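K.L.:
sequence first, then the predicted structure:
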Amino acid sequence: MTEAAPPDLPDDPKLTHNIVHFARALRAAGLPVGTGRVIDAVRAVAAAGFSSRADFFYALRACLVTRPEHLVVFAQIFRLYWRDPRYMEHMMAMMLPAIRGVQEERGAQAAEKRAAEALLEGVDRAPPETAGAESDEETVIEIDATATMSREERLRRLDFEQMSTTEIAEAKRMLARLSLPVRPLPARRGIRDPNGPRLDARATLRAALRRGGETGRIDRKRPRERWPDLVVLCDISGSMSQYSRMVLHFLHAVANRKGAGWARVHAFTFGTRLTNITRHLSTRDVDAALAAAGKQAQDWEGGTRIGACLHAFNRDWSRRVMGQGAVVLLITDGLDREETGQLGREMERLHLSARRLIWLNPLLRWEGFAPKAKGIRAMLPHVDAFRAGHSVATLEALAQALSRTEDGGEKARLMAAMEG
């Protein structure tokens, strides 16, 4: 029995060429689009036809998109490539530096910069020459940069979700240079110190016994210093995908930086289940470490079951990694799909086991954020600090929150909003 022959490609080669160039733009924007998917897309369009714009959109999306977080990038590039006849002029206006006119006041939408860079790859972005200007006369543009923000400062405050592929690479290099120092904790055991605040009774008595009971001097001691553990619980669900990748990149640098003070860094990811990725952070190559962690965490970019995952951590891992007064970083948006009664109980138990529990939530990037979601309302009372975690600057400010125990971030304001 012979197999049916595959459908022929469209007779008009222009449509095929446009689909190929469209796939190249998607690949430049970070989508994993291979040759096989491009061929499938051409054949799908040939089978579905080109009469309906919606059918054309969904036929291409079904063949070229495999991950939920790539849907926004695909929609941006499709709108600019296929629907706007002047997409190149629009992209050029958006990507050029604002030195000739007024820059757009609105903020860039998610993945818009990646779409712009992908469509403008290889295009000369030089500003057009002013009409009437002499070709041999050099035009000098003076820019008053006294009130402008430097590129690095702007990148520090830029939302991870709004970054282009180039900006993401630069942000990762900035995160690799960050540190997360911590103050040592006083231990119960002491160490001999002539100027110590505590009396060393044992040493004093031992010295007196060697002299026949005569006390020649009073020995003193000070507490030994010990370093706490850092335990990280990172949400890797679909809504947290981009933020989780950047935070894990930062944690890899913290785990491998000597002299930061942490005894050990334990890392767990959760979406629909809990996964321990601590051993992968010890790999020196950050790309290899995160790739191995991604393979082990099978629920990456899936759903969210925060309460069930915290229950698994409290039951299986809490006594192993929380016995030395560990500091816990919880990175999640708090949008749980299940009943919040278990979530509140598990958060309370986690808070009682930790020396300090700090919650990083990227939703704080929005002005006027209010704790309306049930999951957030159940979790917020059981944390010591509630802070944003959507940019390089917010991760830099995390070090201040660790050194100042009275720093609760936005918790007081949001708790007042909940009670009011």
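P.N.:
Received the coordinates, thanks. Numbers count the residues shown, from 1 in each chain.
K.L.:
tally of neighbours for Leu357?
P.N.:
Using other CB atoms under 10 Å, Leu357 has 23 other residues around it. Using the backbone N, CA and C atoms, a C-beta is placed for each residue, glycine as well.
K.L.:
checking my notes, Arg189 in a strand, right?
P.N.:
Yes - looking at Arg189 with DSSP: H, G, I helix; E, B strand; the rest coil, it is inside a strand.
K.L.:
for the nearest residue to it once chain neighbours are set aside, which residues are in contact?
P.N.:
The spatially closest residue to Arg189, leaving aside those adjacent along the chain, is Arg224, at 5.0 Å (CB to CB, 6 or more residues apart in numbering). Counting by CB atoms under 8 Å, 6 or more residues apart in numbering, Arg224 touches 186-187, 189-191.
K.L.:
at 10 Å instead, please
P.N.:
184-191 (CB atoms under 10 Å, 6 or more residues apart in numbering).
K.L.:
so which bits of the helix or strand encompassing it are buried?
P.N.:
Using DSSP states H and E, Arg224 falls within strand 220-226. For strand 220-226, the neighbour count (16 or more other CB atoms under 10 Å) marks 220-223 as buried.
K.L.:
so where's the chain uncertain?
P.N.:
For the chain, the stretches with pLDDT under 70 are 1-13, 50, 69, 83-149, 259-260, 420.
K.L.:
can you give the domain ranges for it?
P.N.:
Split into domains by automatic domain parsing, the chain comes to 13-93, 191-224, 230-419.
K.L.:
export these to JSON lines and tack on distance to Arg151?
P.N.:
JSON lines is the format used below for these (distance: least, CB to CB, whole Å):
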{"stretch": "domain 13-93", "distance to Arg151": "20"}
{"stretch": "domain 191-224", "distance to Arg151": "46"}
{"stretch": "domain 230-419", "distance to Arg151": "13"}
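K.L.:
between these, which gets nearest to Gln162?
P.N.:
Nearest of those to Gln162, taken as CB to CB: domain 230-419 at 9.2 Å.
K.L.:
which SS class is the residue nearest the centre of the chain?
P.N.:
Closest residue to the average C-alpha location of the chain: Tyr243 at 2.3 Å, with CA atoms, centre = their mean. Here Tyr243 is helix, with the state taken from three-state DSSP.
K.L.:
does it touch Asp159 like I think?
P.N.:
Yes - counting by CB atoms under 10 Å, Tyr243 sits close enough to Asp159 to count as a contact (9.1 Å).
K.L.:
what sits in contact with each of these two?
P.N.:
362, 365, 390-391.
K.L.:
and the end-to-end length of stretch 333-348?
P.N.:
This stretch, stretch 333-348, spans 18 Å end to end (CA to CA, to the nearest Å).
K.L.:
buried ones in that stretch, by neighbour count?
P.N.:
Neighbour-count burial for stretch 333-348 flags 333-336, 340, 342-347 (criterion: 16+ other CB under 10 Å).
K.L.:
show me the strands in the stretch 101-250 of the chain, by range?
P.N.:
185-192, 198-199, 220-226, 230-235 (DSSP state E, counting those that start in this stretch).
K.L.:
wait, which of those strands is closest to Arg177?
P.N.:
Nearest to Arg177, of all those, is strand 230-235, at 18.3 Å by CB to CB.
K.L.:
what is the closest one packed up against?
P.N.:
helix 241-255, strand 265-270, helix 278-281, helix 306-316, helix 318-321, strand 327-331, helix 340-353, strand 356-361 (3 or more CB pairs under 10 Å, 6 or more residues apart in numbering; DSSP states H and E).
K.L.:
what do you get if the cut-off is 7 Å, keeping everything else the same?
P.N.:
Contact here means 3 or more CB pairs under 7 Å, 6 or more residues apart in numbering; DSSP states H and E; on that basis strand 230-235 packs against helix 241-255, strand 265-270, strand 327-331.
K.L.:
many thanks, we can stop here.
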